[in-house]
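**Student:** Got a predicted structure here, sequence first:
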There are 2 protein chains.
Amino acid sequence: MTTIKEIAKKAGVSPGTVSKALSGRKDVSPITKRRIRKIAEELGYIPNFIARSLVTNKTHTIGLVTPYLGNPALFDRVRGVQNRCISSHYILITCLNEGEFKEEAMQIETLLSRKVDGLIITPSGESEELRSLIMKIECPVVLMSEMIEGLDYDFSGEDDYEGGKIATEYLITLGHRDIAYFGNSPDIYSDRCILKGYKDTLERYAIPYRSKHIFWGNTEKNTLEDNIEKLLSMPEPPTGIICWSDIIAIGVLNKLESMGKKVPGDISVVGYDNIEMLSLFHIPLTTIGQPNFLIGQKAVELLLERIENRETKEPARKVIFKPELIVRNSTGPVKSMVEK
Amino acid sequence: MTTIKEIAKKAGVSPGTVSKALSGRKDVSPITKRRIRKIAEELGYIPNFIARSLVTNKTHTIGLVTPYLGNPALFDRVRGVQNRCISSHYILITCLNEGEFKEEAMQIETLLSRKVDGLIITPSGESEELRSLIMKIECPVVLMSEMIEGLDYDFSGEDDYEGGKIATEYLITLGHRDIAYFGNSPDIYSDRCILKGYKDTLERYAIPYRSKHIFWGNTEKNTLEDNIEKLLSMPEPPTGIICWSDIIAIGVLNKLESMGKKVPGDISVVGYDNIEMLSLFHIPLTTIGQPNFLIGQKAVELLLERIENRETKEPARKVIFKPELIVRNSTGPVKSMVEK
DNA sequence: TTTTTTATCTAAAACGATTTTATTCTATCT
DNA sequence: AGATAGAATAAAATCGTTTTAGATAAAAAA
C-alpha cells in the first residue's frame, strides 16, 4: 500500500510537501506539485481517510438510525438520505433496527464510536431513556419523520396531523359519520399526530368521538384480524376506516373481503404512505402520500448545515412537508347516501 | 470528549494499561481493571474507533456497491447484508449507483480510501474496465447476484439459468409453444443466464428458437409498450411471456390489458423476483423467486471468512441458491388447448 | 539466602496522515 | 554588497489508540 512517505521519498521531498501538493493547497511550487502528483498517480496512491480523520477530527461520514418495521416507504427516505450524502461527498452508515431501545442505543453508540460528523435519527418511540440518550450526543443530530416531544432538534418529516385531518375530512365529505382509526401504537409520535388530526376534524364537523372506534395493532402481531371482527360485530359498524399505514390498510382490505364485505361499497378504507405498488392492488388504495425521498434529502441538508458551520446556535428548524391525498378506489360515498 | 489518556491520569496509571484494561486483555490485575473500568464508565468514555483502526489496520467495516435500478427486490438483499454485518459487529457502508461504470468506480475508490475490510459488489455490467478495476482491489471481494465472466471471486446469488429453465418449462407444460422473453439488457449477466435457460429448454422440447421473440428494454426507457405492440402485431403472436423482472412483468400486464388482451386467457406472463406485494395485484403475478435476504447474508459470511483468516488461499466459492416457481394467476393453459 | 519465575505496570514506538513552526534559498531593493 | 521580504521546503508536533520491550516488585524455587 502506497503512503505519502513513500511518495515523498521517491520525489525527494518531505511528507508535508506531498500532503500539501496532493490536497492542492498553497505553499508548494507548481513544478514540484506536478511532479509529486505524477508520482502519486504512478504509484496508484489512495489516500488513507482513517489517518486523515484522526488529525482533522472529521470523518465526512454521517450515520442513520431508523427502525425498519417492514414498511417499504422507508426505503425511499433512506435513498433520499443516501443520495444527498453522496452529492456532498459524505458517506452514509445505515443502521436499521427493529424499534427496540436497546438495539437503537447500541447503534447510536457504535456510530459515535466511529466518529460520525452527524446523526440522522428516526426515534422508535419516546421513552425517557431515548430522550436522555439523544441529549447526550455531542455531534449534530437531525430527527427524521418522528419527533420526540420536548426535544428541540432540527427535523425533516411530514405533517401527520394534517394527514389525519385530510383523510378524515375526505371521508366526511363522502358522507361518512362513523369512522374508525387503525393505528399501530400510541407510543409512536406520528400515530398520535394522525389520531389528533382525526379527532379535531371530527370535532370540527360536530361528530362525536368514540374511543371504541380506535384500534391498535399491526399485521405482524395479528391483532388486525381480531380488530376487524370486533369492528364488524358492533351494532352500528363504522363505514370508513383510516389506517396508520398502507400495509395495515392492505391487511384490513384483505380481512374485510374475506368476511364478505365490499370495498368501497360497504366500507371505505384510507391508507397512509402511498406505496407506489399498491396502486396495482385489485382495489387500488386511496392513501395519504408524503415526499419520502425529499424528506431524506432535506434531513441531510439540515445536518450538513450544522456540521459545516458548527458555531451556528440557530434555533432548531422544522421542515415539515404537507401530505397529499391520493384518491383511488378503496373509498366511496357512504352507502346510506347512495341509497337515497 | 474523554480519551484514554484522561482516564489514565485520573486512575494514576499509564495509557497502555487503560487500553489493556478496557479491551480485557491479560497483563492487568483484576483490581486495577475494575477501577479503570469504573472511571471510564463515570467519564462516559466512548472508544475512538478511528484511532484504533489506524494502528490495528482493521476497520470492522464492509462496503457494499450495487446498482439500484428501481428494483425493490434489492432491498431484501441489502437488508440481508446489513443484518449479517451487525450480528458480527461489522458496520456496513452502502453505495447505491445507477449502473454507470464511472459512478461505480468512484464508489469503490471511496470505500478503499475508507479502508474497508472487505467489499461486496454487485457489478453493473461486464466491461473490461470494471473487470480490471476489481482485480486491482487488495481487500477481499465477494460478488453478489451478478457474476463477471472470467473473474473467479467468491459469489453469493441465485441460479438464473435454472430460473429461466423453470419458467420456460412451466409455460411449456401449460401447452405454450410460442414464448417470448422480455429482458432488460444483454449486458447484464443474469439476463443472459435466464435467456440461456430459456433457449436450452426450448431446445430440449424441440421447440425452435426465434430471435424475434426476444425483446430488450425496461419501463424507464419506455421501450416496453412499443415492444408489446410489436409482439401483438406478429402473425402468430406468442402466447406466453417470460420477464426478467416483476417490474417489467407489471408493465407488460398493464399494456396487455390496455390493448384488450386477457391475462391469462389470451397470454400468460411470468415475472421474476417475487416481489411480495405483487401477489396483491389484481392479477396475482406468477413469478420466479429467490431468497434475497439469504443471498445478502451469505455474501457477508463468505466475505467474513476471507477477512478473518486472510491467509486462506482457498479457491473461490460459489454459493448458488435455487430459484423457486411461485404459481399465481397470471399464467394458465394455452388457449388452443382450452378450446380442444 | 539467592536465584528464578511470574504478575503487573510503564514507557515509547508505531499507525499515516495534517498542520504548525522553522529553516533555507532566491530575488529584490536600497 | 547587505538587508530584507517572500516563496518553497523541511522538520516536528499532533490526533487517540495499540503494542512491544523493558522495569519493578512480589512470589516461588533453589
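**Tutor:** Looks like it came in fine.
**Student:** which bits of chain A sit near chain B?
**Tutor:** Within chain A, the positions adjacent to chain B are A:1, A:44, A:46-51, A:53-54, A:59, A:68, A:72, A:75, A:79, A:82-83, A:86, A:91-96, A:109-110, A:112-115, A:136, A:138, A:250, A:275, A:277-278, A:280-282 by CB under 8 Å from any CB of the partner chain. All C-beta spots, glycine's among them, are computed from the backbone N, C-alpha and C.
**Student:** Give me the distance between A:A105 and A:L133.
**Tutor:** 6 Å (CB to CB, to the nearest Å).
**Student:** Pull out the buried residues from stretch A:168-184.
**Tutor:** Applying a neighbour-count criterion of 16 or more other CB atoms under 10 Å in any protein chain shown, one finds A:168-172, A:174-184 buried in stretch A:168-184.
**Student:** try stretch A:203-219
**Tutor:** Residues of stretch A:203-219 classed as buried: A:207, A:213-219 (neighbour count, 16+ other CB under 10 Å).
**Student:** need those residues in CSV with pLDDT, can you?
**Tutor:** What follows is the buried residues of stretch A:203-219, written out as CSV (pLDDT from 0 to 100):
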residue, pLDDT
A:I207, 96
A:H213, 97
A:I214, 97
A:F215, 96
A:W216, 95
A:G217, 86
A:N218, 77
A:T219, 69
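**Student:** ok, so of these, who is nearest B:G24?
**Tutor:** Nearest to B:G24 among those is A:N218, at 40.8 Å by CB to CB.
**Student:** How about the contacts made by the closest one?
**Tutor:** By CB atoms under 8 Å, 6 or more residues apart in numbering or on different chains, A:N218 lies in contact with A:184-185, A:224, A:245, A:247-248, A:251.
**Student:** Quick one: list the elements packing against the helix or strand hosting A:G16.
**Tutor:** Assigned by DSSP states H and E, A:G16 falls within helix A:15-23. Applying 3 or more CB pairs under 8 Å, 6 or more residues apart in numbering or on different chains; DSSP states H and E, we find helix A:15-23 packed against helix A:4-11, helix A:30-43.
**Student:** How about the secondary structure of A:K102?
**Tutor:** What DSSP: H, G, I helix; E, B strand; the rest coil gives for A:K102 is helix.
**Student:** ok, now A:T287?
**Tutor:** Put simply, A:T287 is strand when judged by three-state DSSP.
**Student:** Tell me what it is bridged to.
**Tutor:** A:T287 has these beta-bridge partners by DSSP bridges: A:G271, A:I326.
**Student:** how close does it get to DNA strand C?
**Tutor:** For A:T287, the distance to DNA strand C equals 49 Å [CB to the nearest atom of the strand, to the nearest Å].
**Student:** same thing with A:A11?
**Tutor:** 13 Å.
**Student:** And A:I50, by the same measure?
**Tutor:** For A:I50, the distance to DNA strand C - CB to the nearest atom of the strand - is 7 Å.
**Student:** How about A:A167?
**Tutor:** 52 Å.
**Student:** same thing with A:G16?
**Tutor:** Separation of A:G16 from DNA strand C (CB to the nearest atom of the strand): 3 Å.
**Student:** Could you pull up the residues touching that residue?
**Tutor:** For A:G16, the contact set (CB under 8 Å, 6+ apart) is empty.
**Student:** picking up where we left off before, tell me which entries of the buried residues of stretch A:203-219 lie within strands.
**Tutor:** Among the buried residues of stretch A:203-219, the residues falling in strands (DSSP state E) are A:214-216.
**Student:** closest to B:G332 among those?
**Tutor:** Taking those together and measuring to B:G332 by CB to CB, the closest member is A:F215, at 39.0 Å.
**Student:** wait, that closest one sits on A:N227?
**Tutor:** Yes: here A:F215 lies in contact with A:N227, judged by CB atoms under 8 Å, at a distance of 4.2 Å.
**Student:** joint contacts of those two?
**Tutor:** A:F182.
**Student:** mind listing what's buried in stretch A:14-23?
**Tutor:** Across stretch A:14-23, burial judged by 16+ other CB under 10 Å covers A:17-22.
**Student:** cool, and stretch A:288-307?
**Tutor:** By neighbour count with 16+ other CB under 10 Å, stretch A:288-307 contains the buried residues A:288-300, A:302-307.
**Student:** Pull the distance from that stretch to the chain's centre.
**Tutor:** Chain-centre distance of stretch A:288-307: 9 Å, with CA atoms, centre = their mean, to the nearest Å.
**Student:** then that stretch to PDB, C-alphas only?
**Tutor:** C-alpha atoms of stretch A:288-307 as PDB (Å, rounded to 0.1, in the frame of the first residue of the first chain):
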ATOM      1  CA  ILE A 288     -52.100   9.800   2.000                       C
ATOM      2  CA  GLY A 289     -48.700  10.300   0.500                       C
ATOM      3  CA  GLN A 290     -45.500  12.100   1.600                       C
ATOM      4  CA  PRO A 291     -42.500  13.000  -0.400                       C
ATOM      5  CA  ASN A 292     -40.200  10.400   1.300                       C
ATOM      6  CA  PHE A 293     -37.200  10.900  -0.900                       C
ATOM      7  CA  LEU A 294     -37.300  14.600  -0.300                       C
ATOM      8  CA  ILE A 295     -37.700  14.200   3.400                       C
ATOM      9  CA  GLY A 296     -34.500  12.100   3.400                       C
ATOM     10  CA  GLN A 297     -32.600  14.700   1.300                       C
ATOM     11  CA  LYS A 298     -33.800  17.500   3.500                       C
ATOM     12  CA  ALA A 299     -32.700  15.800   6.600                       C
ATOM     13  CA  VAL A 300     -29.200  15.600   5.200                       C
ATOM     14  CA  GLU A 301     -29.200  19.200   4.200                       C
ATOM     15  CA  LEU A 302     -30.200  20.400   7.700                       C
ATOM     16  CA  LEU A 303     -27.500  18.200   9.100                       C
ATOM     17  CA  LEU A 304     -24.800  19.400   6.800                       C
ATOM     18  CA  GLU A 305     -25.500  23.000   7.700                       C
ATOM     19  CA  ARG A 306     -25.000  22.200  11.300                       C
ATOM     20  CA  ILE A 307     -21.900  20.200  10.600                       C
END
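**Student:** still on that earlier bit, for PyMOL, write a command that selects the buried ones of the residues of chain A next to chain B.
**Tutor:** Filtering the residues of chain A next to chain B down to the buried ones (16+ other CB under 10 Å) takes a single PyMOL command:
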select buried, chain A and resi 46+47+48+49+50+51+53+54+59+68+72+75+79+82+83+86+91+92+93+94+95+96+110+112+114+115+250+275+277+278+280+281
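**Student:** residue contacts, the residue nearest the centre of chain A?
**Tutor:** With distances taken as CA atoms, centre = their mean, A:S145 lies nearest the centre of chain A, 4.5 Å away. Taking CB under 8 Å, 6+ apart, we find A:S145 in contact with A:66, A:77, A:122, A:156-158, A:190, A:295.
**Student:** can you check A:G99 too?
**Tutor:** A:G99 touches A:67, A:69, A:124-125, counting by CB under 8 Å, 6+ apart.
**Student:** Next: A:I214.
**Tutor:** A:I214 sits next to A:180-181, A:183, A:195 when contact means CB under 8 Å, 6+ apart.
**Student:** Going along the chain, name the helices of the stretch 51-200 of chain A.
**Tutor:** Remark: helices assigned in the stretch 51-200 of chain A by DSSP state H, counting those that start in this stretch are A:73-87, A:101-113, A:128-136, A:160-173, A:189-204.
**Student:** and the angle from the shortest one to helix A:101-113?
**Tutor:** Meaning helix A:128-136. Following axes from the mean of the first three to the mean of the last three CA atoms, to 10 degrees, one obtains 10 degrees for the angle between helix A:128-136 and helix A:101-113.
**Student:** Check which helices and strands helix A:128-136 sits against.
**Tutor:** Using 3+ CB pairs under 8 Å, 6+ apart, helix A:128-136 sits against helix A:101-113.
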